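# Provided below for reference: sequence and predicted model.
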Amino acid sequence: MGTNLRMDESVQGRGKYKHHPVSFKRAVVEETLRPGASVARIARAHGVNANQVFAWRKLFREGALGDDGPTLLPVTVEQGAGPVVESVAGGAIIIEAGRLLVRVEGRPDSEALRIVLAELRRT
């Protein structure tokens, strides 16, 4: 009777960590933000752990998920008594309309910014 010290080749370790592209992380996070979405189901569909997706969501909320490049939002600047929109260094947007001053910094949600601009336009 012999002793087999060789490991079974079918048993493998966890391997190296997967490094997902930022665009993949953002796409998964954006999927989870839809009404009625299940983080667990979405994570399973993409082959990642739900806890990892929650960590990506936290980074996304903090604006620290990274960036593949600049994201541009459509902005219309009109002459006259309407709101004045200007972009300053550091990625901030300043909107002045009468006595109202709105300063947007970081990576704003494009839909929320669209609503704010639409409301400003009505004033």
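Good, I have the coordinates. Numbers count the residues shown, from 1 in each chain.
# measure residue 48 to residue 21 for me?
The gap separating residue 48 from residue 21 is 13 Å, by C-beta to C-beta, to the nearest Å. Backbone N, C-alpha and C define where each C-beta goes, glycine included.
# so which of those two has more stuff around it?
Legend: neighbour count by other C-beta atoms under 10 Å for residue 48 and residue 21, higher for residue 48 (17 against 10).
# state the pLDDT value of residue 92.
Looking at residue 92, its pLDDT reads 69.
# whoops, I mixed them up, residue 22
Predicted confidence (pLDDT) for residue 22: 89.
# what about it, how many neighbours?
14.
# shaky segments in the chain?
For the chain, the stretches with pLDDT under 70 are 1-15, 66-92, 97, 122-123.
# domain-wise, how is it divided?
The record's domain parsing of the chain by automatic domain parsing lists 22-62, 84-122.
# redo those as a markdown table? Include distance to residue 16.
Shown next, in a markdown table, are those (distance: least, C-beta to C-beta, whole Å):
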| stretch | distance to residue 16 |
| --- | --- |
| domain 22-62 | 15 |
| domain 84-122 | 30 |
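# which of those domains sits most buried?
A comparison of these by mean neighbour count, using mean count of other C-beta atoms under 10 Å, puts domain 22-62 on top with a mean of 14.
# can you give me the end-to-end span of it?
The stretch domain 22-62 measures 15 Å between its terminal residues, going by C-alpha to C-alpha, to the nearest Å.
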